[in-house]
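**Student:** Build me a model from this:
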Amino acid sequence: MRDEHRYLTETLRGQLMRLERALSADVHLPEGFEDVHLPAWLRRTEGEQRLPVSLAVLMAIALQILLPSKFALRPHLLLPGLEVALLIGLVAANPVRINRESGVLRTTSLSMLAVISLGNAVSAILLVRNLINGSAGNSAGALLATGAAIWGTNVVAFALWYWELDRGGPAARAKGGNPYPDFLFTQMTAPEVAPPNWEPAFLDYLYLSFTNATAFSPTDVMPLSRWSKMMMLCQSAVSIVAIALVISRAVNIFK
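**Tutor:** Okay, here's the model as predicted:
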């Protein structure tokens, strides 16, 4: 009886150790085992859809084009045109699902995000400078619309950064090779509240970016790595400065 109990204990212990090593990507589980015992965010998947990301990028580009020229890097259409060209290349390479890892594609995607962020940073600096100098204009509606466009672009840009950098990016996440997330979503800690095939997608990162830009702090998604904490800190700082300056100036115009 004692030997049988010892055998069962050792068997269970061995199974737990194998599962733990698999979660740490040290070993490969037998085919079919992953689909039953691992959540989707830890195993190989088809990759997420390209469409939501492309629509978000197009929205950011449209907001940059609609900005008054005095709040944009000149020539006005230079950066939006470059962003469109980079987006076309990315869509051509992965038109439906983002599941192809490539150094060229990742560099192209990061370059596109850098261009979007650069254009929005320049617009934010020009807006702040004009507000301080009193040359931002006397129309409260136009000022609020400009501030909203820059703020909205900021939300999309940071959502894209979070989405592109978390666990190596969307293509790397589709392979399920990195078990250490940079952002901890609720479904990861409480898998019983989500379907078995749940994994973070772009809309989850967009929600994270929006709540961080409005609450100026994490809500239901916690940053774990140092770079994610610093990026969320920077986004909150930019948002609070822009909102405070634009709203205060608009209130003064109304008075």
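
**Student:** For the chain, just list every one of the strands.
**Tutor:** 48-49, 97-98, 183-184, 222-223 (DSSP state E).

**Student:** Parallel or antiparallel, which strands does the third one pair with?
**Tutor:** Each strand that pairs with strand 183-184, with its direction, by DSSP bridges: strand 222-223 (antiparallel).

**Student:** same question, the first one
**Tutor:** For strand 48-49, sheet partners with direction are given as strand 97-98 (antiparallel), following DSSP bridges.

**Student:** Quick check: mean pLDDT of the partner strand?
**Tutor:** Across strand 97-98, the average pLDDT comes to 90.

**Student:** Show which residues not belonging to stretch 96-116 make contact with it.
**Tutor:** By CB atoms under 8 Å, 6 or more residues apart in numbering, the residues outside stretch 96-116 that reach it are 46-50, 53, 57, 60-61, 64, 79, 82-83, 86-87, 89-90, 93-94, 153, 156-157, 160-161, 164, 169-172, 174-175. Every C-beta, even on glycine, is put in place using the N, C-alpha and C of the backbone.

**Student:** tell me the most buried of the strands of the chain?
**Tutor:** strand 97-98 (a mean of 20; mean count of other CB atoms under 10 Å).

**Student:** next one: that one to chain centre, how far?
**Tutor:** Relative to its chain's centre, strand 97-98 lies at 16 Å (CA atoms, centre = their mean, to the nearest Å).

**Student:** which intervals of the stretch 51-200 of the chain have sub-threshold pLDDT?
**Tutor:** Scanning the stretch 51-200 of the chain for pLDDT under 70 picks out the ranges 135-138.

**Student:** picking up where we left off before, as JSON lines, the strands of the chain with distance to residue 106 would be great.
**Tutor:** Rendered in JSON lines, the data for these read as follows (distance: least, CB to CB, whole Å):
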{"stretch": "strand 48-49", "distance to residue 106": "15"}
{"stretch": "strand 97-98", "distance to residue 106": "11"}
{"stretch": "strand 183-184", "distance to residue 106": "19"}
{"stretch": "strand 222-223", "distance to residue 106": "22"}
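
**Student:** Check what pLDDT the closest residue to residue 219 other than its chain neighbours gets.
**Tutor:** Taking CB to CB, 6 or more residues apart in numbering, and ignoring the residues beside it in sequence, residue 219 has residue 211 as its nearest neighbour in space, at 4.4 Å. Listed pLDDT for residue 211 reads 94.

**Student:** OK, contacts around residue 211?
**Tutor:** 218-221.

**Student:** for those, which one is nearest residue 229?
**Tutor:** Using CB to CB, residue 218 is the member of the contacts of residue 211 that lies nearest residue 229, at 9.1 Å.

**Student:** Could you tell me which of the contacts of stretch 96-116 are located in helices?
**Tutor:** 53, 57, 60-61, 64, 79, 82-83, 86-87, 89-90, 93, 153, 156-157, 160-161, 164, 170-172, 174-175 (DSSP state H).

**Student:** Could you turn the buried ones of those into a ChimeraX selection?
**Tutor:** Selection of buried members from these for ChimeraX, criterion 16 or more other CB atoms under 10 Å:
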select :53,57,60,61,64,79,82,83,86,87,90,153,156,157,160,161,164,170,171,174
